[in-house]
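Peer 1: Build me a model from this:
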Amino acid sequence: MFPFELVRLTDFENEVRITVLSSEGSAFWEAEIAVTSMFVKGSTLLMLSRAKLEAWQQALESLKLGHDIIWMQTDRGPTVSVQLDGERDCPDIIVEDESISMVTVRIPIALEEGWIAEHQARVNRFIELIG
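Peer 2: Okay, the predicted model is just below:
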């Protein structure tokens, strides 16, 4: 089951990935968020809970309706935002790690059609696996 790639936003030049690494009991999962581009590369750990997974499901529904999202904003740890109409005619993915490193990274990613449905399937598959 682990590692499980929950999020993979990529255009093969820029990438934001969230990989679930392990289970911390039955209620929490350790994950890594990684940002890679030709300019920057970095990662940090985060803890996922069922509430965060459900919030990701809701965020994907909002994206499907054409709305920008901010995921994990109220929790400690990294925040992921998706702005569908980014500055470079493609979505901008913003990863903020204000609680630990105080770093914010904005990555333009030319996402392929169907990426939202693909991520809905990923999160649903993970939730099914964990029961």
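
Peer 1: From residue 64, how far out is the closest residue to residue 103 other than its chain neighbours?
Peer 2: Excluding the flanking residues, the one nearest residue 103 by Cβ to Cβ, 6 or more residues apart in numbering is residue 97, at 5.3 Å. The way it works is simple: take the backbone N, C-alpha and C, and place the C-beta from them, glycine included. Separation of residue 97 from residue 64 (Cβ to Cβ, to the nearest Å): 27 Å.

Peer 1: Kindly report the same for residue 41.
Peer 2: Distance from residue 41 to residue 64, by Cβ to Cβ: 30 Å.

Peer 1: follow-up on the earlier one: doesn't residue 76 make contact with the residue nearest to residue 103?
Peer 2: No: Residue 97 is beyond contact range of residue 76, at 10.4 Å (criterion: Cβ atoms under 8 Å).

Peer 1: who has more neighbours, those two?
Peer 2: residue 97 (19 against 10; other Cβ atoms under 10 Å).

Peer 1: Now do the contacts for that one.
Peer 2: Taking Cβ atoms under 8 Å, 6 or more residues apart in numbering as the contact definition, residue 97 lies against 44, 77, 78, 79, 103, 104.

Peer 1: Now it: phi and psi?
Peer 2: Residue 97 adopts backbone torsions of phi -120, psi 60, taken as degrees, to the nearest 10.

Peer 1: count of residues packed around the closest residue to residue 72 other than its chain neighbours?
Peer 2: Distances taken as Cβ to Cβ, 6+ apart place residue 79 nearest to residue 72, at 5.2 Å, with adjacent residues excluded. The tally of other residues near residue 79 (other Cβ under 10 Å) stands at 19.

Peer 1: Burial check on the residue nearest to residue 50 when sequence neighbours are not counted, number of neighbours?
Peer 2: Distances taken as Cβ to Cβ, 6+ apart put residue 27 closest to residue 50, at 6.8 Å, once the chain neighbours are dropped. The number of residues packed near residue 27 is 12, by other Cβ under 10 Å.
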